[in-house]
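A.B. asks: structure for the following, please:
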Amino acid sequence: MREKVILVCEECLSRNYTTTKNKDKNNTRLEFKKYCPTCNKYTIHKETK
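C.D. replies: Purely as a prediction, here's the structure:
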């Protein structure tokens, strides 16, 4: 079963993106390098709780 996940910018802590992940196969937190419109640059976005 896939679960909705919110991604948060590490620098400004704004919630910019949503995605899904398979909780059965992946128990670790997701981490992507994505564009943050608030910071106006590419930053690391991590999964929230």
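A.B. asks: okay, strands next: where are they in the chain?
C.D. replies: Using DSSP state E, the strands of the chain run over 2-9, 15-22, 31-36, 41-47.
A.B. asks: direction included, what does the first one pair up with?
C.D. replies: In other words, strand 2-9. The pairing partners recorded for strand 2-9 under DSSP bridges are strand 15-22 (antiparallel), strand 41-47 (antiparallel).
A.B. asks: turn the strands of the chain into a markdown table, columns for mean pLDDT and mean neighbour count.
C.D. replies: Every residue, glycine included, has its C-beta placed from N, CA and C. Converted to a markdown table, those look like this (pLDDT from 0 to 100; neighbours: other CB atoms under 10 Å):
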| stretch | mean pLDDT | mean neighbour count |
| --- | --- | --- |
| strand 2-9 | 94 | 15 |
| strand 15-22 | 94 | 13 |
| strand 31-36 | 96 | 13 |
| strand 41-47 | 96 | 15 |
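A.B. asks: quick one, phi psi at residue 12?
C.D. replies: Backbone torsions of residue 12, given as degrees, to the nearest 10, read phi -100, psi -10.
A.B. asks: so what's it up against?
C.D. replies: Residue 12 sits next to 36, 38-39, 43 when contact means CB atoms under 8 Å, 6 or more residues apart in numbering.
A.B. asks: returning to what we had before: in TSV: the strands paired with strand 2-9, plus distance to residue 8.
C.D. replies: Listed next are the strands paired with strand 2-9 as TSV, based on distance: least, CB to CB, whole Å:
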stretch	distance to residue 8
strand 15-22	5
strand 41-47	6
